[in-house]
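Student: I would like the atomic coordinates for the input below:
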Amino acid sequence: MKPNLFDYATSELSQDAFLCWLLKWGESSFHSVDEELNRIAIEFIDEIFSLHGYKRDDEIKQVRIIRQFKGLDVLAIIDEKYAILIEDKTFTSEHSGQLERYLEEVKTNISTRDLIPLPTYYKIIEQSNHQAIHKAGYQPFTRDRMIKILESHRRNLPMNTIIDDYLHHLKRLDDDINSYQTLPIAEWTAFSWQGFYRDLQKKLNGKWGYVSNPSGGFWGFWWKGNEQQYHYWQLEETVLRAKIEAKENPDVKAYRDMCMSTLMKDSSECDLKLKRPKRISTGKNMTIAYRENYLQLQENGLLDFEKTVFELERYGQYKQSVKSEDI
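Tutor: From the prediction side, this is the model:
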C-alpha cells in the first residue's frame, strides 16, 4: 500500500490545513492553473452555501483565509460578502458553548460583522446527534458529503496526490465504521461500535457515545423502553444492562432491590434472559440486571443486525408486571 499523507497528518490542525488549501483553490484565477481542482473547491463551497439555503451567483474572485479567528478553526471570507465558519471536529465534539461563541464573535467583530455568516460543523466520524449543532445555528458537513464531492472528480485527478490521499483517508474511515458488518464481533474496533450504534439508532430511539471510567471506558448506547418501564436500557458493547436512576427516596437500597426483584420476575415470565448483577452497588445510576451476548449471529459468525434489533426491541416493548408508579 502506498504511503498516505493523512496516515501521518492525523491531527485536526492537519485537516484544517487541508480545508484551507481546498477553499483557497476556489478562486476563479486558479481555474487556468488546475481546472479540476478549482471545480472541486467550488463544489465544496457551493455545498456549504446550499446547506444554509444560499446559492452563489457570481464567480469567486477572492477567498481570504483566517485560521484560529477568536479560536475558530477556519474562517473563509468569500468576496468580502460571506463568512464561512468551519469548526472541525474529528474525535471530539462541541462543548462549553464554543459554537455559539464563535458565531457571536463573527457577527459582532468590526472586521466581519457585515458579512453573511455560514457556520459549518465539519465532522468526518460519527456522532450520536446534531441537535446541539443545529441549535447553535450551524449546519453539519459530514464525511459522506465530502466523499461524494471528491469521488465525482477522482477520474479527472489521477496525479493530485493530496486529493487522492484525503479521499482514501475518508473512505478508509468509512470502511472502518461499517466494519461491524464484515468482522467477527471479537475483532470489532471503536469504529465498528460507532457504526453499529449509528445504524441501531435508526431503529431504536436512543443515544450513544463514549463513556469513560476508571476501568478503561466503553462505547455505550442507551434508550428508554415503553413509558411503563421504570428502568432504562444500556448497551456496554457486548453487554446489555437494565439501569435505574435513584429517586428522591430516603431508602435507595430498598428501591433498588424492589426494582431488581420485579424485573427478575418479568425476565422469567417474558424470557428476557436477564441475570442479577454480580456486584450490587448503590449510587445515582444502578444496574439491576444484565445480559451477556445479546448480539445475534449469522451462521458464518458475523452479526445478524435485523435479528439483533428484533431482540433488543423485545426489551423496550415488554409490559412489566408492576406499574412504575407502584415501585
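
Student: run through the helices of the stretch 1-150 of the chain in chain order.
Tutor: Counting by DSSP state H, counting those that start in this stretch, one finds helices in the stretch 1-150 of the chain at the ranges 5-8, 12-24, 35-51, 98-108, 131-135, 143-153.

Student: burial count for residue 148?
Tutor: Neighbour count of residue 148, defined by other CB atoms under 10 Å: 12. Yep, even glycine has a C-beta here, placed from its N, CA and C like the rest.

Student: any idea how far it lies from residue 141?
Tutor: As for residue 148, its distance to residue 141 is 11 Å (criterion: CB to CB, to the nearest Å).

Student: picking that back up, which of the helices of the stretch 1-150 of the chain sits closest to residue 255?
Tutor: Evaluated over the helices of the stretch 1-150 of the chain, closeness to residue 255 peaks at helix 131-135, with 31.4 Å, by CB to CB.

Student: ok now the closest one, how far from the chain's centre?
Tutor: Chain-centre distance of helix 131-135: 13 Å, with CA atoms, centre = their mean, to the nearest Å.

Student: before we move on, back to that, which among the helices of the stretch 1-150 of the chain is found nearest to residue 290?
Tutor: Among the helices of the stretch 1-150 of the chain, the nearest to residue 290 by CB to CB is helix 131-135 (29.4 Å).

Student: check which helices and strands the closest one sits against.
Tutor: strand 139-142 (3 or more CB pairs under 8 Å, 6 or more residues apart in numbering; DSSP states H and E).

Student: in the strand it packs on, what's buried?
Tutor: For strand 139-142, the buried set under the neighbour-count rule, 16 or more other CB atoms under 10 Å, comprises 139, 141-142.

Student: also stretch 248-259?
Tutor: Neighbour-count burial for stretch 248-259 flags 252, 255-256, 258-259 (criterion: 16+ other CB under 10 Å).

Student: of all the buried residues of strand 139-142, which comes closest to residue 28?
Tutor: Nearest to residue 28 among the buried residues of strand 139-142, with distances taken as CB to CB, is residue 141, at 22.7 Å.
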